[in-house]
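no FASTA, just this:
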């Protein structure tokens, strides 16, 4: 089973190819060797939603501190202020279905579950996608930062 972490670009999907701008930022500003994500979904200037390939799936990503072995997918847009367009949602589900088949199962997490960021956005349908691709590992489950905070808060309340 493979973990997939979803992100948003926190930018408005514009009339330019945002993939190039994000890749240039990752390389020239962050000093990384390539874009940090494995996939990026965005609408092209003609309005067509498209999947753009970033790093190879067998390469370590650079998208979530401590969890870069997961597949990182960024959907261009700011889903704190807008809703995910239906066509991008359907394209994302198609990609997740393909990854699920290729990896004998996946589970979906949001970047916000490993950081204090809102990513992939307050209006992003993360709960729906998590229910479709749940984390069902019964073995040793890795706690997310938020789960660990909740546990520690409950322990300290009892002291």
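Here it is on my side, so go on. This one's a predicted model, so the numbers in the text were calculated from it and none came from an experiment.

burial count for residue 103?
14 (other Cβ atoms under 10 Å). Just so you know, the C-beta spots here come from the backbone N, C-alpha and C atoms, and that holds for glycine as well.

could you find the closest non-adjacent residue to it?
Excluding the flanking residues, the one nearest residue 103 by Cβ to Cβ, 6 or more residues apart in numbering is residue 2, at 4.0 Å.

hey, what's that neighbour bridged with?
residue 106 (DSSP bridges).

verify the stated contact: it with residue 105.
Yes. The pair formed by residue 2 and residue 105 meets the contact definition of Cβ atoms under 8 Å, at 7.2 Å.

so which residues of the chain form strands?
Counting by DSSP state E, the chain has strands at residues 2-8, 39-43, 49-53, 71-75, 106-110.

just the ones you listed: most buried one?
strand 71-75 (a mean of 26; mean count of other Cβ atoms under 10 Å).

quick one: list the elements packing against it.
strand 2-8, strand 39-43, helix 86-102 (3 or more Cβ pairs under 8 Å, 6 or more residues apart in numbering; DSSP states H and E).

which residues does the first one contact?
Contacting residues not belonging to strand 2-8 are listed as 37, 63-64, 67, 69-80, 92, 96, 99, 103, 105-111, 114, 119-121, 124, 126, 129, 133, 135 [Cβ atoms under 8 Å, 6 or more residues apart in numbering].

how far out from the middle of the chain is that strand?
Offset of strand 2-8 from its chain centre (Cα atoms, centre = their mean, to the nearest Å): 3 Å.
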